[in-house]
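> with the sequence up front, the predicted model follows.
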Number of protein chains: 2
Amino acid sequence: MEHKEISKAVIQRLPRYYRYLEDLMDQGIERISSGDLSRRMHLTASQIRQDLNNFGGFGQQGYGYNVFNLHEEIAKILKIDQVHSMIIVGAGHLGLALSNYTNFRKRGFDIKGVFDNNPKVIGQEAGGVKVSPMSEMKDIVEKNHIRLAALCIPKDAAVKIVDDLISYGVRGFWNFAHVDLEVPEHVVVENVHLSESLMRLSYRVFEEQ
Amino acid sequence: MEHKEISKAVIQRLPRYYRYLEDLMDQGIERISSGDLSRRMHLTASQIRQDLNNFGGFGQQGYGYNVFNLHEEIAKILKIDQVHSMIIVGAGHLGLALSNYTNFRKRGFDIKGVFDNNPKVIGQEAGGVKVSPMSEMKDIVEKNHIRLAALCIPKDAAVKIVDDLISYGVRGFWNFAHVDLEVPEHVVVENVHLSESLMRLSYRVFEEQ
């Protein structure tokens, strides 16, 4: 099916729809009305209809949405109907946490390598792969045509490694280092700045006091 | 100093300013112009002046901003000039990663307890505290008047534990479980949905292909 141009705002919301549809499938629910979905997701029914209409919309008056079809369609749009190879740089607790998330594998993210320079962790098992030394990164990234890298290393190390990884072929960084990376235009960065997120939480909790 | 009402959009941006100012202080830089800061942060100088004017603005024509004062002022607004006690629920890799972030301590977040039900991890050291059994959570939260809890447990467990934690006094959840928590109005949730973030990254990398 051909899709109209879908706005960035809608794309931003699709992963959340995807998660809810997954939960519905897990519960054995085969179809759902926009009203029911709106109550679960705390969105208005018209917002949902508007969002889902963007890609043909599987909703039918009086029937609602076919959960499986909608789930599959969103997977296609988000390109998670394909398997994406990725690497994880840094095998500290955070790197290990990411390596062990079965959810990522379920969504088609295949971790081809976990890298660290610490001799204590090299060779250890991390979510099904062995931690390799950084020196093997180039080889593994190039051989497997890897485009995605999670950076779970301190900010100075992250800044230093980015250009190398781009030269090996990486096009997207999932950045957990507390620094904004400078990358060329054809490279994408998705930041997860945990301490900023914690500061926002604490502001919202304590602002009234 | 009294602050005007600061908009939510500005508040959302303050943690990022705070991080940049921290970096400048680490580099021994005492003052900075809005132009220089705008180049580093990839914002326009007028956006920066507008944001920082919200709280009196420490910028002076021809001098720029006093880095230390501005840093301190933002800390006050974000309430991180005070120490906030928190707990971490779940001592898997992610919980341990959070326990070990020295950045949080530096910003005044004091981890008073890390909890898990797994006998293998209870008693182990996690960033300076010992992992305690879940049964001790109530006592520690109440005694220390803890308002913040990070949830690093599976979604079903997270959903089950939220009401208990609220009854002990928790008012803010830093939620890493892949579920949207239902909480009363006086309670705040900051979500870190990692798999949604990874899906957004992969969409942006592969959308053109």
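Ah, there it is.

> how far off centre is the lowest-mean-pLDDT helix or strand in chain A?
Ranked by mean pLDDT, DSSP states H and E, the helix or strand of chain A with the weakest confidence is helix A:102-106, at a mean of 79. Centroid separation between helix A:102-106 and its chain, computed with C-alpha atoms, centre = their mean, to the nearest Å, is 10 Å.

> please see if the following helix or strand past that helix touches chain B.
Under the assignment DSSP states H and E, the closest C-terminal helix or strand after helix A:102-106 is strand A:109-116. Yes - interface with chain B: strand A:109-116 contributes A:Phe109 (C-beta under 8 Å from any C-beta of the partner chain). All C-beta atoms are positioned from the backbone trio N, CA, C, and that covers glycine.

> what sits up against the next helix or strand after strand A:109-116?
Moving toward the C-terminus from strand A:109-116, the next helix or strand (DSSP H and E) is strand A:125-126. For strand A:125-126, the surrounding residues in contact (C-beta atoms under 8 Å, 6 or more residues apart in numbering or on different chains) are A:Ile88, A:Ala91, A:Gly95, A:Leu96, A:Ser99, A:Asn100, A:Val114, A:Val131.

> among the residues you listed, which lie within helices?
In this view, these that belong to helices under DSSP state H are A:Gly95, A:Leu96, A:Ser99.

> show me the shaky parts of chain A.
A:1-4, A:56-61, A:208-209 (pLDDT under 70).

> domain boundaries for it, per the record?
A:8-77, A:84-197 (automatic domain parsing).

> return the most buried member of the ones you listed.
Neighbour counts (mean count of other C-beta atoms under 10 Å in any protein chain shown) averaged over each of the domains of chain A peak at domain A:84-197, with a mean of 18.

> how about the strands in chain A?
For chain A, the strands defined by DSSP state E occupy A:31-32, A:65-66, A:84-89, A:109-116, A:125-126, A:129-133, A:148-151, A:172-175, A:188-191.

> in JSON lines, list the ones you listed along with distance to A:Ile77.
Compiled in JSON lines, those are given as follows (distance: least, C-beta to C-beta, whole Å):
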{"stretch": "strand A:31-32", "distance to A:Ile77": "19"}
{"stretch": "strand A:65-66", "distance to A:Ile77": "15"}
{"stretch": "strand A:84-89", "distance to A:Ile77": "15"}
{"stretch": "strand A:109-116", "distance to A:Ile77": "16"}
{"stretch": "strand A:125-126", "distance to A:Ile77": "31"}
{"stretch": "strand A:129-133", "distance to A:Ile77": "29"}
{"stretch": "strand A:148-151", "distance to A:Ile77": "18"}
{"stretch": "strand A:172-175", "distance to A:Ile77": "17"}
{"stretch": "strand A:188-191", "distance to A:Ile77": "17"}
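
> what's the closest of the ones you listed to B:Glu185?
Closest to B:Glu185 of the strands of chain A, according to C-beta to C-beta: strand A:31-32, at 26.6 Å.

> packing partners for that closest one?
The contact analysis (3 or more C-beta pairs under 8 Å, 6 or more residues apart in numbering or on different chains; DSSP states H and E) places strand A:31-32 against strand A:65-66.

> mind giving me the packing neighbours of the strand it packs on?
strand A:31-32.

> contacts for the strand it packs on, please.
With C-beta under 8 Å, 6+ apart, strand A:31-32 has contacts from A:Leu24, A:Tyr63, A:Gly64, A:Tyr65, A:Asn66, A:Val67.

> and the gap between the last one and chain B?
Looking back up the chat, that one is A:Val67. Separation of A:Val67 from chain B (C-beta to the nearest C-beta, to the nearest Å): 18 Å.

> show me which helix runs longest in chain A.
Under DSSP H, chain A gives helix A:8-26 as its longest helix.

> do that helix and chain B meet at all?
Yes - judged by C-beta under 8 Å from any C-beta, helix A:8-26 comes into contact with chain B through A:Ile11, A:Gln12, A:Leu14, A:Pro15, A:Arg16, A:Tyr18, A:Arg19.

> run the chain-centre distance for that helix.
Worked out by C-alpha atoms, centre = their mean, helix A:8-26 lies 12 Å from the chain centre.

> helices or strands next to it in the packing?
Against helix A:8-26 (3+ C-beta pairs under 8 Å, 6+ apart) you get helix A:34-41, helix A:45-53, helix A:67-77, helix B:194-206.

> distance to B:Leu181 added to those, as JSON lines?
Formatted as JSON lines, those follow (distance: least, C-beta to C-beta, whole Å):
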{"stretch": "helix A:34-41", "distance to B:Leu181": "13"}
{"stretch": "helix A:45-53", "distance to B:Leu181": "20"}
{"stretch": "helix A:67-77", "distance to B:Leu181": "22"}
{"stretch": "helix B:194-206", "distance to B:Leu181": "15"}
